[in-house]
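**Q** Compute the structure for the input listed below.
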Amino acid sequence: MNPSLKKVKRKVKKVTRPIGAVLKTIGITLTCILMIAVMSIAIIGSAMTVFVVNLMDDTSEIKLDSVSSNYTTYIYAKQDNEWITYDMISNEGEKRIWVNLEQIPQFVRDAFIYSEDERFNSHDGVDFFGIAVAAMEIVTGQSKRGASTITQQTVKNITGDDDVDGVAGVERKIREIYRAVQLEKEYSKDDILEAYLNLVPLNYNIYGVQAAANYYFNKDVNQLTIGEAVTIAAITKSPYHNDPIRFPEKNLERRTYILGKMLENGAISSEEYDEALNQELKLIGSMTYTKTESGTDTKLLSAYDNFDSVSSYYVDAVINQAEDIFMNYYGLTRDEAFQKLRRGGYQIYTCVDLDIQKKLEEKYLDLYTFSEDGSEDIPQSAFICMDYNGRILGVVGGIGKKETPLCFNRATMSTRQPGSCFKPLASYSLAVDRDLITWSSQFLDTPLLIEDAGSENGYLVWPRNYSTSGATTSSWSKEYNFTHSCLARSLNTTAAQLVEMLTPSECFDFLKHRLHFDSLVLYKDGYTDIARSPMSVGALTDGVTLKDITTAYQMFGNGGKYYESTFITRILDNTGEVIYQHPLMGEQVIDESSAYVMNRMMETVVSSSRGTGRLARLENVELIAKTGTTQDWADLWFVGCTPQYVTGLWIGHDKPETIDTKSCYGSAQMWKNIFGDIADAGEIKEFTPSTTVVEREYCTKTGLIAGRNCQDTAVGYYKRTNIPATCSGDHTPTELDEILKGLGKKDTAVVVTDGVDVAEYERITGHRYTYVNELMKSYR
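**A** The predicted structure is shown next:
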């Protein structure tokens, strides 16, 4: 091989550059780090995006349109022809009174803006500059403001979303910022500020500037001075520690800061600054009446009851009736109805007479109302007052201070035996209406003879009469008594005879279906109210409420009509739609003439020297009434009617037991102590006479209309359609007179009921009982 053709292998020496190698390594490393960072950011960003999107999906949209009514129901009362806020129903007893922005003075708005969010009018819901300043103040220990805007605070106050710590706190803040921005897009600044000023918490359960103005200064918000407005605004940062009553120094410190900000921003002048800072504040600390001047009109707007006290018995009764209405209208359970009432923003217009309600409450706090020595060892009591159209004007459900809301109300919830208060309803009025008796029909004070398998001899002589001192008499007077006198003296025997004439079933039907006593028992556990004792003397199986029996007595002063009683006139929902309107039409249950004859008879209960209600007699105003006593003196009743009011009083122990009548006043005197002053000041002094009733003199020997030969006469009231015959003047003793005259001390006359064998009973007992049914008829 030709050597010249051989390749020559040359060894080349490799040259190294250290700086380049280092740079190359750094470049590769940075590239890797950058790629890792980009990938991490992408992953984290994706995760955060998914997290925020999911969080936003769970964030409900906030609407301000119904904020004013989605949490508070207002209960209104009428005072001087103006509706006022009597009370409110909201969560946990919160006190809120909504007020429109135009009713809030500009300086009140400015006080809150410069206290909480001075860039409120320029930011879009979140103030990032304010957040930075607040953070710097926290670092320097000079914190004067919070980081949340008024819009954010409004969101928080509406949603109740208030988590602070951990992941939940972060999530809440993100939701709040998102919601605040969205809220600013949908609503004007005025809308948001109005909601804020009505939602802002200003004490442990006072919300909004109107309620705060009422509580702290007994004023409406548009009556506040600048100093008072700033005092309320100063509370916002720390409602407990800045409370002007608890910690006036802390409030003054915050007040000074806010006034400085208002001066700095031109919201007030130097003179206004000095005057507000040095104003002597008159702090009240309770919810009371306040007045707002609107032109020449005066409107009462604030709550009636004391803020620190629980709701009144009247408000409780309104709530209970509203629940019943909601259960029927919406088809809810009672619990559901109550929750809807608390959060539904309803307007409930009541029948309460604020003066009467206040006086009744005062009387029931004074133990001297019930006993001469003011002792606490007395039974319980309840009282109710209404007008002749069923509108309940006042109610108290117990003696002493009311400790809790929605507690037991003895006037509306307790069912008790009504005793003799049932007599005008169950027997007398029906007998008068059926023309079975007149004013001067005569009744013998003698019992019924009843077949009774449960009695010792198989027969029962019943009923006995009760005295007014707490004892049961064991005998009967065997005397004639005119109808009005029987009622005035509350003779059980006469009521029993009337029920026997009418039949218990007819009496029951009238009470159940015409006077709407729903608690009457047709049949229950072997008991029924279709019987002599329940219908004659009120010995009912379950009893009746004070409200129901007082409602039934309306007919004796309004021409014989029944009106369903109510605490509520109407209810509006949060759209202003009427969902309940109390009916104004009454039902004619007895005719007008019967009602007025009964009215005159019940007047003798008070005016007669032997009337059981004589101690309730008034000086200036006519009063008709009926007392009631139950077996063993477990209950005392008094239903009293004046030309303006129908009232009912109950006295007794919650667990039925004999009342020690020496421990308290009787029912007539107690009624006068409670209601006498109110009744006697009534504008209408007398009941209006009925043109269907005439006054006539009657013979006190026979009960017939007095003839020319009758020497002893009295005045009675008669239906034009049922006037007795004229007395002939022949007053010779009758067969019945002779029988009664011949009775011995142990003998008596009886009205024999169906099924009784008189001869057999006389043989068993050894006593003489005279059958007087047919003879008695001639005296009616």
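
**Q** Please count neighbours and contacts with C-alpha atoms only from this point.
**A** Fine.

**Q** Where in this protein is the helix or strand with the lowest mean pLDDT?
**A** strand 297-300 (a mean of 31; mean pLDDT, DSSP states H and E).

**Q** after that one comes which helix or strand?
**A** helix 313-330 (DSSP states H and E).

**Q** so what secondary structure elements neighbour that following helix?
**A** Counting by 3 or more C-alpha pairs under 8 Å, 6 or more residues apart in numbering; DSSP states H and E, the packing neighbours recorded for helix 313-330 are helix 334-343, strand 392-396, strand 568-572.

**Q** what's downstream of the last one, the next helix or strand?
**A** Remark: after strand 568-572, the chain's next helix or strand is strand 578-581, criterion DSSP H and E.

**Q** What pairs with the helix or strand following that following strand, parallel or antiparallel?
**A** Downstream of strand 578-581, the first helix or strand assigned by DSSP H and E is strand 587-588. Under the criterion DSSP bridges, strand 587-588 sits next to strand 561-562 (antiparallel) in its sheet.

**Q** How far off centre is the partner strand?
**A** The chain centroid and the centroid of strand 561-562 are separated by 23 Å, computed with C-alpha atoms, centre = their mean, to the nearest Å.

**Q** From Leu224, how far out is Ser519?
**A** Applying C-alpha to C-alpha, to the nearest Å, the value for Ser519 to Leu224 is 53 Å.

**Q** actually Ile104, not the one I wrote
**A** 9 Å.

**Q** Contacts only, for Ile192.
**A** Contact analysis of Ile192 by C-alpha atoms under 8 Å, 6 or more residues apart in numbering lists 64, 151, 154, 184.

**Q** Hmm, I typed the wrong one, I wanted Ala453.
**A** Contacts of Ala453 (C-alpha under 8 Å, 6+ apart): Tyr459.

**Q** and what of the one 5 residues further on?
**A** The contact partners of Gly458, taken as C-alpha under 8 Å, 6+ apart, are 451-452.

**Q** what's the burial count for Thr438?
**A** Using other C-alpha atoms under 10 Å, Thr438 has 27 neighbouring residues.

**Q** Sorry, slip of the keys, the one I care about is Thr692.
**A** Thr692 has 15 nearby residues by other C-alpha under 10 Å.

**Q** cool, Arg434 as well?
**A** Other residues close to Arg434 by other C-alpha under 10 Å number 14.

**Q** Check the one 5 residues further on too.
**A** Burial measure for Trp439: 25 neighbouring residues, criterion other C-alpha under 10 Å.

**Q** Please determine how far it is located from Glu695.
**A** Trp439 is 10 Å from Glu695, by C-alpha to C-alpha.

**Q** tell me, what's touching those two both at once?
**A** With C-alpha under 8 Å, 6+ apart as the test, Trp439 and Glu695 both reach 716-718.

**Q** Sort out which one of the residues you listed lies nearest Leu252 for me.
**A** Tyr717 (74.6 Å; C-alpha to C-alpha).

**Q** How about that closest one, nearest residue that isn't a chain neighbour?
**A** Glu695 (4.7 Å; C-alpha to C-alpha, 6 or more residues apart in numbering).

**Q** and Phe383, bridged to which residues?
**A** Applying DSSP bridges, one finds that Phe383 bridges with Val396, Leu649.

**Q** list the contacts for it?
**A** Applying C-alpha under 8 Å, 6+ apart, the residues near Phe383 are 395-397, 411, 546, 647-650.

**Q** Please produce JSON lines containing those residues, extended by distance to Asn599 and neighbour count.
**A** Formatted as JSON lines, the contacts of Phe383 follow (distance: C-alpha to C-alpha, whole Å; neighbours: other C-alpha atoms under 10 Å):
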{"residue": "Val395", "distance to Asn599": "24", "neighbour count": "30"}
{"residue": "Val396", "distance to Asn599": "26", "neighbour count": "27"}
{"residue": "Gly397", "distance to Asn599": "28", "neighbour count": "27"}
{"residue": "Ala411", "distance to Asn599": "24", "neighbour count": "25"}
{"residue": "Leu546", "distance to Asn599": "20", "neighbour count": "27"}
{"residue": "Thr647", "distance to Asn599": "15", "neighbour count": "30"}
{"residue": "Gly648", "distance to Asn599": "16", "neighbour count": "28"}
{"residue": "Leu649", "distance to Asn599": "19", "neighbour count": "27"}
{"residue": "Trp650", "distance to Asn599": "21", "neighbour count": "26"}
